[in-house]
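Student: Show me the folded form of this:
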Amino acid sequence: MTKDRTKEYCEAEFENIDATVAELVLITEPGKAAYSTADLAAMATFIHNIYNGIENILKRVLTLKKKQTKEGAAWHKDLLKTSVKADIISPDLCSILAKYLSFRHFFIHGYGFTLKWEALQPLVANIDKTLRDFKTAVYRHLV
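Tutor: Sure, this is the predicted structure:
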């Protein structure tokens, strides 16, 4: 895949991520201490969607850089580690993204009615900065 095609793909993913963040913002209220189960489930879905987009982008940039990703049960963690080794993301950003990955795992294997705002709140609060940092990191490889 060429750099131009990878850039087009990543830009389309970022558009989808941005649209998802906009939906997430619509259902969150600054200072609100509690949300309904339905609102929490919607937030969790949006966070899951955003993280999936991040993984899709990392896979494409790694492919562009001709870096292999591992398969198997731990491939999600390995994707982050390989992205650090390939200098796509920093170790600090990797640590932040690992929190979203951990939540993704819980979301997929858990039940929506068990979601707690206390677990979602830091992920929601940090999403803008995390995505800014991620976009900056990715676009360094696409110019």
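Student: Show residues contacting stretch 14-34.
Tutor: 35, 39, 42-43, 46-47, 49-50, 53-54, 57, 117, 124, 127-128, 131, 135 (Cβ atoms under 8 Å, 6 or more residues apart in numbering). Backbone N, C-alpha and C define where each C-beta goes, glycine included.
Student: So which bits of it are buried?
Tutor: For stretch 14-34, a neighbour-count test (16 or more other Cβ atoms under 10 Å) marks 14, 17, 20-21, 24, 28 as buried.
Student: Return the member of these nearest to Tyr111.
Tutor: Comparing the buried residues of stretch 14-34 against Tyr111 with Cβ to Cβ places Leu24 closest, at 20.5 Å.
Student: before we move on, the earlier item: turn the buried residues of stretch 14-34 into TSV, including distance to Arg5.
Tutor: Below are the buried residues of stretch 14-34 laid out as TSV (distance: Cβ to Cβ, whole Å):
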residue	distance to Arg5
Phe14	15
Ile17	19
Thr20	23
Val21	25
Leu24	29
Thr28	35
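Student: just those now: which is nearest Leu97?
Tutor: Nearest member of the buried residues of stretch 14-34 to Leu97, counting by Cβ to Cβ, is Ile17, at 12.9 Å.
Student: Could you grab the helix/strand/coil label for Glu29?
Tutor: Under DSSP: H, G, I helix; E, B strand; the rest coil, the three-state class of Glu29 is coil.
Student: and the helix or strand harbouring Ala12, how far from the chain's centre?
Tutor: For Ala12, the host element (DSSP states H and E) is helix 3-26. Helix 3-26 sits 11 Å away from the centroid of its parent chain (Cα atoms, centre = their mean, to the nearest Å).
Student: quick one, what contacts Tyr51?
Tutor: Counted by Cβ under 8 Å, 6+ apart, Tyr51 has contacts 97, 100-101, 103-104.
Student: Nearest to Ile108 among the buried residues of stretch 14-34?
Tutor: Among the buried residues of stretch 14-34, and counting by Cβ to Cβ, the member closest to Ile108 is Thr20, at 16.8 Å.
Student: longest helix in this structure, by residue count?
Tutor: helix 37-64 (DSSP state H).
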